[in-house]
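**Student:** What follows is a predicted protein model with its sequence.
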Amino acid sequence: MNELVGTTATDLLALLETRAVSAEEVTRAHLDRVTATDGDVRALLRRLDEPALDHARDIDRRRGAGETLGALAGVPVVLKDNLTTRGVETTCASRILEHYRPPYDATVVTRLRAADAVVIGKANMDEFAMGSSTENSAFARTANPWDLGRVPGGSSGGSAAAVAACQAPVALGSDTGGSVRQPGAFCGVVGVKPTYGLVSRYGLLAFASSLDQIGPLARTVEDAARVLQAIAGNDPADATSLPGPAPDLLSALQDGVRDLRVGVVTEYQSEGGDDRVGARVRDALARLEKLGAQVAEVSVPHVAYGVAAYYLIAPSEASSNLSRYDGVRYGLRVPGATTEEMMAATREAGFGAEVKRRIMIGTYALSAGYYDAYYAQAQRVRTLIIRDLEAAYEQCDVLVGPTTPSTAFRFGENLDDPLSMYLQDVYTNAANLAGVPAVSVPIGLDDRGLPAGLQIMAPMGGEATMLRVARALEADLALDSVPRGPNAVEAP
Amino acid sequence: MSVEQATRYEAVIGLEVHVELSTRTKMFCGCAIDFGGEPNVRTCPVCLGQPGSLPVANRAAVESAIRLGLALGCAVAPWTEFHRKNYFYPDMPKNYQISQYDVPICAGGVLEVTVDGGKRTQVGITRVHMEEDTGKSTHVGTSGRIHGADHSLIDYNRAGIPLLEVVSEPDIRSADEARAYLTELRAIVRALGVSDAKLEEGSMRCDANVSLRPVGHTVFGTRVEVKNMNSLRSLGRAIEYEVARQTDLLTAGEQVVQETRHWDEGAGATSTLRAKEEVFDYRYFPEPDLVPLEPDAGWIEQLRAGLPELPAVTRQRLTEQQGVPAEQVATLVEADLVPTLEAAVAGGAGPVEAANWLTNELVGWATGHGVAPADAPLDGAQLAALAALVRDGTLSTKLGRQVLEDVLAGAGSPAEVVRERGLTQISDTDELAALVDAAIAQNADAADQVRGGNRKAVGALVGAVMKASKGQANPKLVNELLMQRLT
């Protein structure tokens, strides 16, 4: 196998810069890796070999002509299939959008292209980003590269698995309640949920508008920072986009954690969680303290209600966002005697069980007699969580805890029990409800050889500090990020 | 309830008026606003509700909403937001409409209307809120309705055009008051320039809520919503019909059913569109793709300062200060000719003089040619020039009318028409003397009568001179010359 596969984006950029390798070689090596591994992993719904190679050759030509290239020139990247790509199928892993070709590119896609990143494929996901295992895809079941009998997490399971399996050094996912961080933790890669509004949502097929945020997955913190830097910044096409240019995330990345105040969320201590994860978290905290950080416990009382609030707000917004999938303008259409029957039959056939469940919950929660009891009450809880976090950040610079209650579970283990699946978000959803940034960084393997992640949360706009902590921990741990074990995908 | 025993009922009417804004672009995207044209050409991912697309509020539309609110005496909300109104309909790309719900941008105004006979009434304005329009569907097949259509065609050019909804208090008591309210609201909207407000073309649409109660009662009766009135006339007829229908029901001891009814202009009647049981649950919730609006106080004051003179003030100024009769002013306002009048006055014409030309001549011409008076090709400067030519005796009033016709036909400015057609009035006494002598010679009888003391008989001689001069002779001079010769 080619040694270009498994190399970080940062190292690839250096090799490309010195013309030690061409973008075409890099792209081809990763496409070959997809060929070798995706029969087992099934991370991708669509390969984009020809456009990717064309793009790579164009980059090589422009480099040869001495032109200035973008910050990610020649870096292969995989996109979650809920990001619009002009003329290229974008399905959200749903039958209702099978064969749908959007007429426009998402802003993040435009920015990746402007940075000369090479899009090599579209990743599998839970249908409409609803789920925590990527078992809800209508088209494929993605496997965890560390143990092919286990889930990669979700809903960005395809993106996380593609990075873990070395199909691409970086990928984009989307995170509504933990959908980048949880699969990042399960697959042993870095996953970032940025501050709400830092990355434009224009072209992200909406699940829950007030919670959704696009974020990178990568094998290193620096790679994730590079991708985030490239896609961040104000977009006039998104009214919720933060004003101003993207913050500088790279220059202070190596500054360490000396004297930073690290708050350990009391309510996230592994009570209820799996002690296999807890052991790794305790080790990570000890390392941060050794590196000079001040580690102390901080209480964030209302996060206990986060899952309940999240599972009212997200389905409410989803029930409205998904109403446009009706068979009238694009995608699947199942005939019916009347317009209403056509719409009902289309939605019945086109949506999977989890999507229907959430549409039902959301429709109920927003309906006239129940709005105050459910949706409005959930929004009040959300406000309390925001205030809790603001108070906590007066005592510390970042908040930490486990990313997930357990390491990757087996296929089917939580499939028939929606509530246990929903608890996958228990530590991650607060960041979405409050709009603050959070990252999951690998902190080693449990006693079964499965990756665990530490979640680091920061106040609004605190990405630079948050990534510094993650980077310090990553350097101290010096983990080997290539999957291994009896059931792991073949090593590069 | 005593309703059944009552013998006299009072109508309680509230109007909901939708105004399509004539901003350059749509409410939430950059697509152009225009009327007609090929279907679906003025669309983009946003107004088509394509997956992943996001709305961004149009500042100019917000400005129009605030300006109309200020003109209606409303308070502007210091904080407001958009809501989603959820219901499935093929016209609506997202299956929800972005609208406003509990906090409209403007609320609590008043509109004074005057009905025929001079009675003045204050109609409260409950709210003015912003929303987006839907697309337009054409159902192909026998019924013309969506049910039973062979297929339906949808044009989304209209989807996303900004609308203002102006909701009145139930302060209106008659069809006449309803018409007067809509006329005045339309005049204000047009004075502000926020919409062309054409009922017939749908850029202004009106629904009426009509209920009845026994005279003297304060409790409201059961309300019926009437839709599809696309002219002032049909608004009046629909309300009259509905009041009569409800009066008959109540007089007969029956109940009025709460429902939405459709006005059928051809049948001259309303019919059930949907009953109360079919009322939708719109599941309103704050639009998470948009940020709340907090109109800056300085901006609001700037918009207030920039408001044009409103129609009521214009009317008062024209009648009380400039002496134009009230009926003419009403005609000018209705025909949207006040700007032309103002421009003519600025160009030197007298207000009464200019008003006469506009109401007596231009309105008639426009009606005859099937165009809106305001769209007639005559500007204020041309009118002032024409009035001056008549005032200084260059043209007779009759010649002036001919010149106006030619100007309207596109023959050029009044001065150009006069020059090119040689229409100048003949005031040269030598030239006139020859014509006068010829007329006396050819009308000996009339001349003798004048000589005999019958001064009225001179009219026939004047007429003969005018005829011979093709209307160009100065009638006053002709008269003088005739009298010199015959007395």
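**Tutor:** Great, that's in hand.

**Student:** wait, what's in contact with residue B:109?
**Tutor:** The contact partners of residue B:109, taken as CB atoms under 8 Å, 6 or more residues apart in numbering or on different chains, are B:69, B:72-75, B:124-125, B:128. Placement of C-beta: from N, CA and C, glycine included.

**Student:** Confirm for me that residue A:315 is in contact with residue A:356.
**Tutor:** No. The pair residue A:315 / residue A:356 is not scored as a contact, 10.8 Å apart, by CB atoms under 8 Å.

**Student:** So for the two, which residue has more residues nearby?
**Tutor:** residue A:315 (27 against 15; other CB atoms under 10 Å in any protein chain shown).

**Student:** ok, that one - contacts?
**Tutor:** Taking CB under 8 Å, 6+ apart as the test, what residue A:315 contacts is A:208, A:358-359, A:361-362, A:365.

**Student:** Residue A:210 too?
**Tutor:** A:196, A:313, A:317, B:288.

**Student:** any idea whether residue B:139 is helix, strand or coil?
**Tutor:** When classified by DSSP: H, G, I helix; E, B strand; the rest coil, residue B:139 comes out as strand.

**Student:** That one contacts residue B:149, doesn't it?
**Tutor:** Yes. The pair residue B:139 / residue B:149 is scored as a contact, 3.7 Å apart, by CB under 8 Å.

**Student:** so which of the contacts of residue A:315 is the most crowded?
**Tutor:** residue A:362 (27 neighbours).

**Student:** Excluding chain neighbours, what is closest to that residue?
**Tutor:** residue A:319 (3.1 Å; CB to CB, 6 or more residues apart in numbering or on different chains).

**Student:** Residue A:237 too?
**Tutor:** residue A:202 (4.2 Å).

**Student:** Spell out the residue ranges of the helices in the stretch 201-350 of chain A.
**Tutor:** A:221-231, A:275-290, A:306-321, A:339-350 (DSSP state H, counting those that start in this stretch).

**Student:** By proximity to chain B, which residue of the stretch 351-492 of chain A wins?
**Tutor:** Closest contact between the stretch 351-492 of chain A and chain B, by CB to the nearest CB, is at residue A:366 (3.9 Å).

**Student:** Could you measure from that residue over to residue A:379?
**Tutor:** 12 Å (CB to CB, to the nearest Å).

**Student:** okay, these two: which has more neighbours?
**Tutor:** More neighbours surround residue A:366 than the other of residue A:366 and residue A:379, with 25 against 17 (other CB under 10 Å).

**Student:** residues in contact with the helix or strand bottoming out on mean pLDDT in chain B?
**Tutor:** When the helices and strands of chain B are compared on mean pLDDT, DSSP states H and E, helix B:414-421 comes out lowest with a mean of 82. Here helix B:414-421 makes contact (CB under 8 Å, 6+ apart) with B:382, B:385-386, B:389, B:394-395, B:403-404, B:406-407, B:411-412, B:423-424.

**Student:** now these in TSV, with secondary structure?
**Tutor:** Shown next, in TSV, are these (three-state DSSP):
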residue	secondary structure
B:382	helix
B:385	helix
B:386	helix
B:389	helix
B:394	coil
B:395	coil
B:403	helix
B:404	helix
B:406	helix
B:407	helix
B:411	coil
B:412	coil
B:423	coil
B:424	coil
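
**Student:** contacts with chain A among the residues you listed, please.
**Tutor:** Among the contacts of helix B:414-421, no residue sits close to chain A (CB under 8 Å from any CB of the partner chain).

**Student:** Report the buried members of these.
**Tutor:** B:382, B:385-386, B:389, B:394-395, B:403-404, B:406-407, B:423 (16 or more other CB atoms under 10 Å in any protein chain shown).

**Student:** which of those has the weakest pLDDT?
**Tutor:** The lowest pLDDT within the buried ones among the contacts of helix B:414-421 belongs to residue B:423, with 74.

**Student:** and the gap between that residue and residue B:362?
**Tutor:** Counting by CB to CB, the gap from residue B:423 to residue B:362 is 19 Å.

**Student:** Just give me the neighbour total for residue 434.
**Tutor:** You didn't pick a chain, so chain A it is. Residue A:434: 25 neighbours (other CB under 10 Å).

**Student:** meant chain B, my bad for not saying
**Tutor:** Neighbours around residue B:434, by other CB under 10 Å: 10.

**Student:** so which strand or helix has it?
**Tutor:** Element membership for residue B:434, per DSSP states H and E: helix B:429-442.

**Student:** Same check on residue B:381?
**Tutor:** Per DSSP H and E: helix B:380-391 holds residue B:381.

**Student:** okay, that helix in CSV with CA atoms only?
**Tutor:** Extracted C-alpha coordinates of helix B:380-391, given in CSV (Å, rounded to 0.1, in the frame of the first residue of the first chain):
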residue,chain,number,x,y,z
GLY,B,380,-46.9,68.2,-15.2
ALA,B,381,-44.6,70.4,-17.3
GLN,B,382,-46.6,69.8,-20.4
LEU,B,383,-49.9,70.5,-18.7
ALA,B,384,-48.4,73.8,-17.3
ALA,B,385,-47.3,74.8,-20.9
LEU,B,386,-50.7,73.9,-22.3
ALA,B,387,-52.5,75.9,-19.6
ALA,B,388,-50.3,78.9,-20.2
LEU,B,389,-51.1,78.8,-24.0
VAL,B,390,-54.8,79.0,-23.2
ARG,B,391,-54.4,81.6,-20.5
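
**Student:** Which elements pack onto it?
**Tutor:** Helix B:380-391 is packed against helix B:338-346, helix B:351-356, helix B:397-408, helix B:414-421, with contacts defined by 3 or more CB pairs under 8 Å, 6 or more residues apart in numbering or on different chains; DSSP states H and E.

**Student:** How far does it sit from its chain's centre?
**Tutor:** 26 Å (CA atoms, centre = their mean, to the nearest Å).

**Student:** Then stretch B:70-86?
**Tutor:** 25 Å.

**Student:** so, in contact with chain A or not, that stretch?
**Tutor:** Yes. If you take CB under 8 Å from any CB as the test, stretch B:70-86 does meet chain A, through B:84, B:86.

**Student:** Buried residues of that stretch, list them for me.
**Tutor:** In stretch B:70-86, counting by 16+ other CB under 10 Å, buried: B:70-72, B:74, B:76-77, B:80-86.

**Student:** residue contacts, the residue nearest to residue A:362?
**Tutor:** With CB under 8 Å, 6+ apart, residue A:319 has these contacts: A:358-363, A:366, B:86, B:283.

**Student:** quick one, what contacts the residue most central in space within chain A?
**Tutor:** Nearest to the geometric centre of chain A sits residue A:180, at 2.2 Å (CA atoms, centre = their mean). Contacts for residue A:180 (CB under 8 Å, 6+ apart) come out as A:156, A:159-160, A:173-174, A:191-193, A:215-217, A:440.

**Student:** before we move on, back to that, look up how far residue B:95 lies from the residue nearest to residue A:362.
**Tutor:** Counting by CB to CB, the gap from residue A:319 to residue B:95 is 11 Å.

**Student:** closest to chain B among the contacts of residue A:180?
**Tutor:** Looking across these and measuring by CB to the nearest CB, the closest to chain B is residue A:174, at 10.9 Å.

**Student:** how far away is the closest residue in space to the closest one that isn't next to it in sequence from residue A:192?
**Tutor:** Counting by CB to CB, 6+ apart, residue A:174 lies nearest to residue A:214, which is 5.2 Å off, once chain neighbours are set aside. Counting by CB to CB, the gap from residue A:214 to residue A:192 is 10 Å.

**Student:** the more surrounded of the two?
**Tutor:** residue A:192 (32 against 29).

**Student:** How many residues are close by the closest residue to chain B within the stretch 1-150 of chain A?
**Tutor:** Closest contact between the stretch 1-150 of chain A and chain B, by CB to the nearest CB, is at residue A:84 (4.6 Å). Other residues within reach of residue A:84, judged by other CB under 10 Å, total 28.
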